[in-house]
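Trainee: Need coordinates for the below:
(2 chains)
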Amino acid sequence: MPTNGDTAGAHTPLAPAVFVTGKGGVGKTTVAAGLALAAAEADGEAVFVEFGDAAAGRRVLRDRPAGLEHVTLDPAHAVVRAAEPVFGSSTLAKLALDNFAMRPVIRAAPAIRELGVLELARRLVSEHPGKRVVFDMPATGHSVAWLKVARQGRELFERGPLYDVCARIEAELLSEGRASIVVVTLPERLVLSETLGLCDTVEDEVGLPVDRLVVNRVPAAPSPQVLEEAQALRDGEVAEAAEALYSLLRIRQTVREEVMDALEDTVARHGQGRERRLTLLPLANKAPNGATAARWLDEAGAT
Amino acid sequence: MSRPEVIVCAGGGGVGKTTTSAALALCLAQQGRRVLIVSIDPARRLADAMGVEFGTQAREVALDTGKGVLFGLMPDPDNALRTFIEVLFAEEPDSIERLLQNRLYRVLEAAVPGIHEMVTMTLTWRASVEHDIDVVIVDTAPSRNAIDFITYPKRLAKLLGGRAVGWMAAMGRRSNIGIEDRMGRVEKLLVRALGPAARDVAGLFAEMARVRDRFITLNEHTSELLLHPSTQYYLVASPTVAARDDVEFLIRKLRSLGVQARAVLINSAFVPPRPWIETLQAAEGVSDALLESLADLQHEEAVRQRATEQVTASFLAKHPDLTQLLLPYIEAIEPRAIVRAVAAELGQSSLGVLSDPVR
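Mentor: Numbering: from 1, shown residues only, chains lettered A, B, ... in the order given. Just a heads-up that it's a prediction; the model follows:
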């Protein structure tokens, strides 16, 4: 069963656009799918958005309810589509960008694709008023960079059509109350310390609060009674075997304690004004699908 | 210098790729080789596991390597663009100044997919010459797109050789950027869209056009290390459907680059034997609660074994020629204890690379 962190009370409600981010392999897609399924359940309709490749989403969204739309945004084609209003028409956008000289620029130059994808994301959210749109962000450190692109673009362009694109993305998609950031992490010392850095970056440089910190696959604490018994058995006939069990349980206990300390530290460090709500999801023998994640998140009050 | 042997470890997220790469490096060093492990993964995991700090220089790793030598290199991704510019414009300090002033630089600094990887490969090349390295292990970023960087230098070189750079550079040399009659239609469209930033964009392209040749040399280093026929690709998975799908994806991607994966390493595939569980189960006076914990441990093992069997069967069916190597699931507090344990397992494995001396 999931347990909430120390922070009591209900979670702040999620905004219409939810960006689920975190390192690769932490279960981002499962959490994103869980949030989208829970929203579809509660509101009748929701949208789940993936970047590039739809396989991961299909895996966790088996038996997707009719009210849940599954959208894939392809970064490779985002730029020309997003640029249509910049150039005035799709024909002019193609003329300017989809030519032998500019194609390599778009393929190689950073930030352009990201801006294109964000613009498509903005349109997607505005085309689905009243619906929760959950974005399963790409699995790298770049996903935070993605969110920063609009602000930097606005500062760079000063005015003109590209400035307008950036300003609109910031105002309509990435402003407080319109977007929620959900960070997913694992109960491992090293992954956690990176996650904390990620949260700081999102809050300080993107200017959006981290509304949820979801810690996935939290192992249960070993029973103190069993630990004590194993310790006592180390003096008996099965000393060697008892020692092996005792040291394994101690490892699990220590790892869990370290994680809990680190989590407490996170909440404490950012107590001012706003809290990062902790949601702990359990370690299960079988990887959860979207529906299971939805149930866990719901029970934890995180949806 | 003779070219070092290169092993690239790729895989999806959360499969323990960094630990596996580190273990592979340690194992090779213990066999007497001069090894360099390079992490592209913008993570502190390798640092923690091996005592390597962020930096542009390779440092010797604080692990018992026996008769071999092990260096670690982990460039800081936050400084990637800066390092890239410093390497690329080493002979043009004025250009460095101008680029750092360019407002576009700040945007690029935040979103530099590919640049970090390219810088890392350049620094790898440099470090392997400096330390006379004979095996390089590259730990890629934990993502399906992690090996996109292999083709990135080529894309960038194409850009620099392309017509857009010529236009932009020419625009940058003009004193005032505005719509001019002699411009082509596409140029006019671009200048209009970019607005006041056209000057910064043009300036950046003008600087890049200046170092095109040096860039192409850097690009060759990356290709030489990563696309050389002798470079080996190891795919790292764990016994999960997601990790298996990531490996399948990477196999297809590598094939499209004309590269055959050498082996799949399945991490955390089995729990090392625990004869003590049965000893305790047979012992007298053991409480029900303890027996239940032992049963839980056995259940965990069984679940892991079943998951591993499914993943290995699936790989075997699709890629009968692909070597699969199962690695143990190690529980420990210190990352380096895990690295040591996996290295010991790899040392006993039948993977050819681990026993073949270089040439």
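
Trainee: so who does whichever residue of the stretch 101-250 of chain A sits closest to chain B touch?
Mentor: Closest residue of the stretch 101-250 of chain A to chain B, CB to the nearest CB: residue A:160 (2.4 Å). Where you see a C-beta, it was placed from the backbone N, CA and C, and this is true even at glycine. Applying CB atoms under 8 Å, 6 or more residues apart in numbering or on different chains, we find residue A:160 in contact with B:192, B:193, B:194, B:195, B:196, B:197.

Trainee: I figured the first one hits residue A:161, correct?
Mentor: Yes - distance between residue B:192 and residue A:161: 7.4 Å, which falls inside the contact criterion (CB atoms under 8 Å).

Trainee: out of those two, which sits in the more crowded spot?
Mentor: Each of residue B:192 and residue A:161 has its neighbours counted (other CB atoms under 10 Å in any protein chain shown); residue B:192 has more, 19 against 16.

Trainee: Ramachandran angles for residue B:218?
Mentor: Backbone torsions of residue B:218, given as degrees, to the nearest 10, read phi -60, psi -40.

Trainee: If you tally nearby residues, what's the number for it?
Mentor: Residue B:218: 21 neighbours (other CB under 10 Å).

Trainee: shouldn't it be in contact with residue B:89?
Mentor: No - counting by CB under 8 Å, residue B:218 sits too far from residue B:89 to count as a contact (11.6 Å).

Trainee: packing partners for the helix ranked longest in chain B?
Mentor: Assignment by DSSP state H gives helix B:288-318 as the longest helix of chain B. With contacts taken as 3 or more CB pairs under 8 Å, 6 or more residues apart in numbering or on different chains; DSSP states H and E, helix B:288-318 sits against helix A:224-233, helix A:239-269, helix B:241-256, strand B:261-270, helix B:275-282, strand B:323-328.

Trainee: Repeat the analysis, applying 6 Å as the threshold.
Mentor: Under the contact definition 3 or more CB pairs under 6 Å, 6 or more residues apart in numbering or on different chains; DSSP states H and E, helix B:288-318 sits against helix A:224-233, helix B:275-282.

Trainee: tell me which parts of the stretch 251-359 of chain B are close to chain A?
Mentor: Applying CB under 6 Å from any CB of the partner chain, we find that the stretch 251-359 of chain B lies next to chain A at B:276, B:279, B:280, B:283, B:287, B:289, B:290, B:293, B:303, B:331, B:333.

Trainee: If you rank every helix and strand of the chain by mean pLDDT, what lands last?
Mentor: Picked chain A for this. strand A:3-4 (a mean of 44; mean pLDDT, DSSP states H and E).

Trainee: Actually, chain B is the one I wanted.
Mentor: For chain B, using mean pLDDT, DSSP H and E, the weakest element among its helices and strands is helix B:352-355, scoring a mean of 48.

Trainee: Need the three-state assignment for the nearest residue to residue B:98 once chain neighbours are set aside.
Mentor: Nearest residue to residue B:98 in three dimensions, chain neighbours excluded: residue B:207, at 6.5 Å (CB to CB, 6 or more residues apart in numbering or on different chains). Three-state assignment for residue B:207 (DSSP: H, G, I helix; E, B strand; the rest coil): helix.

Trainee: With residue B:122 instead?
Mentor: Here residue B:122 is recorded as helix under three-state DSSP.

Trainee: my read: the residue nearest to residue B:98 touches residue B:94, true?
Mentor: No - between residue B:207 and residue B:94 there is no contact under CB atoms under 6 Å: 9.7 Å.

Trainee: Tell me which other helices or strands the helix or strand containing residue A:19 touches.
Mentor: Taking DSSP states H and E as the definition, one finds residue A:19 inside strand A:17-21. Contact here means 3+ CB pairs under 6 Å, 6+ apart; on that basis strand A:17-21 packs against helix A:28-43, strand A:132-136, strand A:179-185.

Trainee: Please save the CA atoms from the second one in CSV.
Mentor: So the one you mean is strand A:132-136. Written as CSV, here are the backbone C-alpha positions of strand A:132-136 (Å, rounded to 0.1, in the frame of the first residue of the first chain):
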residue,chain,number,x,y,z
ARG,A,132,-6.3,17.2,-18.1
VAL,A,133,-3.4,16.8,-20.5
VAL,A,134,-0.5,14.7,-19.1
PHE,A,135,2.8,14.9,-20.8
ASP,A,136,5.3,12.0,-20.4
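
Trainee: which other helices and strands contact that strand?
Mentor: strand A:17-21, helix A:28-43, strand A:46-51.

Trainee: wait, does the longest one contact chain B?
Mentor: Meaning helix A:28-43. No - counting by CB under 6 Å from any CB, chain B has no neighbours in helix A:28-43; the shortest distance is 8.0 Å.

Trainee: re earlier: turn the helices and strands packed on helix B:288-318 into TSV, columns for mean neighbour count and distance to residue B:9.
Mentor: Listed next are the helices and strands packed on helix B:288-318 as TSV, based on neighbours: other CB atoms under 10 Å in any protein chain shown; distance: least, CB to CB, whole Å:
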stretch	mean neighbour count	distance to residue B:9
helix A:224-233	16	37
helix B:275-282	15	32
